[in-house]
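[1] Build me a structure from this.
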Amino acid sequence: MDRMYVLEPGSTLRKSGRNLRLMKNDVLLGEIPLENLEQLTLLGFASLSGAVLDTLIRHRVETVLLSPTGSFRARLMVDEHKHVQRRQAQYLRLSDNATALRVARAVVQGKVRNAARFLSQRGAASGNGELLRAGAQLKGIADFVEKQEDMETVRGLEGLAGNLYFSVFRHLILVPGFSFTGRNRRPPLDPVNALLSFVYTLLTLEVLTAVKWVGLDPYLGALHVVDYGRPSLACDLVEEWRTFLGDRFILGLINRRAVGPEDFIVRTVTCTDGVDEEDLKGKRPVEMKPAVARAFIQSYEKWMANGIRCPETGDRTDYRGLIRRQVRRFNRYLLGELESYEPFLWSRVK
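    Residues are numbered from 1 along each chain as shown. This next block holds a predicted model:
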């Protein structure tokens, strides 16, 4: 799949033969070939002409709109997948409270066990007692989740685990200049949180694409309640990837000094609402400089292309392939081909 990103604020996409031209102030910034293009992601307030919109629809290009800070805003929908029976099975199974509870438990357990393994590994490597203790506590929370028979308790334990994990996250940052006092978002207030929010958005889009690819409805999940405009199933199934793919990637960028504090613009603001790109420029608490945003995307694409051996089959794939295999596994569970949904567990990777 060819994936392209438009990161230049205030730019415009125009149709030109078999290409899309990226323009800004009547200056050509580059061209995007339409051949083999399957996903286009627009960061900020890029404009699309009517001809471009028509072309994207006719070529069935998945088009995603992100806010200037990397939050999901919208997605261009084409006709739905033809596998109606899969969505029927999803609606029937996830409408059953007992089934939804089992799925939610599995999702939270996968997320928490992967986080526990990560903290335990890093704690053992560095001799950091706080990381080791938090890893052990997270493992205990994951074990406790397995016994719960109430959805709200499962959600509460997920929140407890997240707070514990991020309370020691600062110990994973090994270079000076980056501070982390806790998780914040909508909008993120510091560079580390901005990086985390951006990569979590990109991973959610990866899962969302895989969910649509297998023919499921991304808006009906189990752990995350149905909410207007929120792809709850994608939000469920991304949880098991946050540490293994998201946090490792961001910490790698920081600790290898691929990004530094000087690569961000940080502001003290009291209002983050704006009417257009110009108005918003001075109201973002933190943002990556354009050149760093481009480098971030390049590093992310390279990261997702990393080869890995599938825990179940031993076949070689990459991280995107691993995500698709997990979504196919979830689909098989909904269709009754598997007795339970087993989330991706880092401990099974050889």
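[2] in the chain, what secondary structure element scores lowest on mean pLDDT?
    When each helix and strand of the chain is scored by mean pLDDT, DSSP states H and E, helix 277-281 comes last, with a mean of 53.
[3] Quick one: name whatever helix or strand follows that helix.
    On the C-terminal side of helix 277-281, the nearest following helix or strand under DSSP states H and E is strand 286-288.
[4] So what touches the following helix or strand past that following strand?
    As assigned by DSSP H and E, the chain's next helix or strand after strand 286-288 is helix 290-304. Contacts to helix 290-304, defined as CB atoms under 8 Å, 6 or more residues apart in numbering, come from residues 3, 5, 7-9, 43, 195, 198-199, 202, 206, 245, 249, 252-253, 258-259, 263-264, 288, 318-320. (Glycine included, C-beta is placed from N, CA and C.)
[5] Give me the ChimeraX select line for the residues you listed, limited to the buried ones.
    In ChimeraX, selecting the buried portion of the contacts of helix 290-304, with burial taken from 16 or more other CB atoms under 10 Å, looks like this:
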select :3,5,7,8,9,43,195,198,199,202,206,245,249,253,259,263,264,288,319,320
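[6] In helices, which of the contacts of helix 290-304 appear?
    Under the assignment DSSP state H, the contacts of helix 290-304 contribute L195, F198, V199, L202, E206, F249, G252, L253, Y319, R320 to helices.
[7] residues contacting the residue nearest the centre of the chain?
    If you average the C-alpha coordinates of the chain and look for the closest C-alpha using CA atoms, centre = their mean, you land on L203, 2.4 Å from that point. Contact criterion CB under 8 Å, 6+ apart gives V238, W241, R242, L245, G246 as the residues in contact with L203.
[8] Quick one, grab the pLDDT at the fourth one.
    Think L245. Model confidence at L245, expressed as pLDDT, equals 97.
[9] so it sits right up against Y319, yeah?
    Yes - shown here, L245 and Y319 form a contact pair, counting by CB atoms under 8 Å, at 6.0 Å.
[10] Thought R14 was touching K24, still the case?
    No - counting by CB under 8 Å, K24 stays clear of R14, with 11.2 Å between them.
[11] Tell me how far D143 lies from N114.
    Taking CB to CB, to the nearest Å as the measure, D143 and N114 are separated by 14 Å.
[12] Between those two, which is the more surrounded one?
    Taking D143 and N114 together and counting by other CB atoms under 10 Å, N114 has the greater number of neighbours (25 against 13).
[13] Tell me how far the more buried one lies from T243.
    For N114, the distance to T243 - CB to CB - is 5 Å.
[14] what touches both of those two?
    Taking CB under 8 Å, 6+ apart as the criterion, N114 and T243 both touch W346.
[15] Any idea how many residues pack against A291?
    10.
[16] if we can go back for a sec, which one of the ones in helices among the contacts of helix 290-304 is nearest to R105?
    When these are compared for distance to R105, the smallest value, 23.3 Å, is given by E206; criterion: CB to CB.
[17] shaky segments in the chain?
    When the per-residue scores of the chain are filtered using pLDDT under 70, the ranges that remain are 1, 68-71, 77-82, 228, 269-283, 350.
[18] tell me which strands and helices the top helix by length along the chain is in contact with?
    Ranked by number of residues, the top helix in the chain under DSSP H is helix 97-126. For helix 97-126, the helices and strands in contact under the criterion 3 or more CB pairs under 8 Å, 6 or more residues apart in numbering; DSSP states H and E are helix 84-94, helix 129-145, helix 151-167, helix 232-237.
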